[in-house]
Structures are given as structure tokens and as C-alpha cells.
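Q: Here is the input, now give the coordinates:
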Amino acid sequence: MVFRATCKPGCKPVYVIGASISVVCYKSKTLANGENPLLNKISKNGKRKYQSLGISVNQNNCDFAKNKPKPKCPNGEFIQRIILGKITDLQKEILEYSADKKDYTVTNLLGSNRSTIKEKTVGEFYDELLSDCKLLNKIANRLIY
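A: Prediction:
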């Protein structure tokens, strides 16, 4: 999947983001139940990472050429729905990075470097402190802030 910024004919794209997402039936690892796990493979700039989908299929029910379950696979539709959901989530994240014109890595996409801290202004921070003090009935602290 490659996103390119559009510009007038004859000019070069200014902002290019490229990433590919595919599903891999990991046949080198067989689980205790005799099935093989399905993994998302995310590649960007020659670097790739794998993310488990949390599901597995029997080797006989997996089409290794297409890296997806065969049509006669039990729960095949359910597995396809899970796969499409995970791919859609990753594509949404790529679009968010693209819309914000931020560069990202494969690690960022998989969420290991996500920050849960929300940026606030000083005024928002103090408003939050004051409302917390009001809820906890801490009048003296509220007067200090």
C-alpha cells in the first residue's frame, strides 16, 4: 500500500509513505493443537515485523500460496472477518499518520511505541486540577491553585 501526495503534472510527490500489510500462515511453527498461527506481516522501508492475529488454522485448511484459509475451512468466514478487521485497523493508523504528515515505523504501527500521554495547555492542566479538588472537596488546595 503506497500513499502519494498529489501535485500538479510534472512535479515530484512531496510526501511519500509506503507500507505493505499481508497475512502469513506461519507453517514453520506448529502449535500444540496441531494448527499453524496466522500472523500479520507489516513491511516498510525494507523492515518487517510480524504480529499474531491470535488465531490458528490446520495446515490442511490453509492455502499457503495465498496465505489465507481455504474456502472449505471450518470457521473460514469468521477467520476472514478477523483478518479483515486487523488489516483495516492497521490501514486506519497508516491513514492517520499520512493525514498528520508524520513519519512512522513498523514498530509505531504495532503499538509498542504509542504514547498514552495527552498534550495539554497549562490552563487545561490547572482547570483539571481545580475540578479534581472540587470533586474531592479540598477547598484549601483549590485556593492555592
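Q: close enough to count as contact, S43 and S20?
A: Yes: counting by CB atoms under 8 Å, S43 does reach S20; the two are 4.8 Å apart. C-beta coordinates here come from the backbone N, C-alpha and C atoms, glycine included.
Q: More neighbours: those two, which one.
A: Counted by other CB atoms under 10 Å, S43 and S20 do not tie: S43 has more neighbours, with 14 against 11.
Q: how far away is that one from T121?
A: Plainly put, S43 is 39 Å away from T121 if you go by CB to CB, to the nearest Å.
Q: repeat for I144
A: Distance, I144 to T121, using CB to CB: 20 Å.
Q: Likewise for I79?
A: I79 is 46 Å from T121, where distance means CB to CB.
Q: higher neighbour count, the two?
A: Each of I79 and T121 has its neighbours counted (other CB under 10 Å); I79 has more, 21 against 8.
Q: And for the more buried one, nearest residue in space, chain neighbours not counted?
A: In space, and not counting its chain neighbours, I79 is closest to P69: 5.1 Å by CB to CB, 6 or more residues apart in numbering.
Q: so the spatially most central residue of the chain, which of the three states?
A: Centroid-nearest residue in the chain, with CA atoms, centre = their mean: L90, separated by 3.8 Å. What DSSP: H, G, I helix; E, B strand; the rest coil gives for L90 is helix.
Q: ok, for it, nearest residue in space, not its chain neighbours?
A: Closest to L90 by CB to CB, 6+ apart is I21, at 5.3 Å.
Q: Now do the same contact list for the one you found.
A: Contacts for I21 were tallied using CB atoms under 8 Å, 6 or more residues apart in numbering; they are M1, N40, K41, I42, I87, L90, Q91.
Q: helix or strand for it, which one?
A: Element membership for I21, per DSSP states H and E: strand 20-25.
Q: tell me the mean pLDDT for that strand?
A: In this model, strand 20-25 carries a mean pLDDT of 83.
Q: quick one: contacts for P74?
A: N61.
Q: Brilliant, that's me finished.
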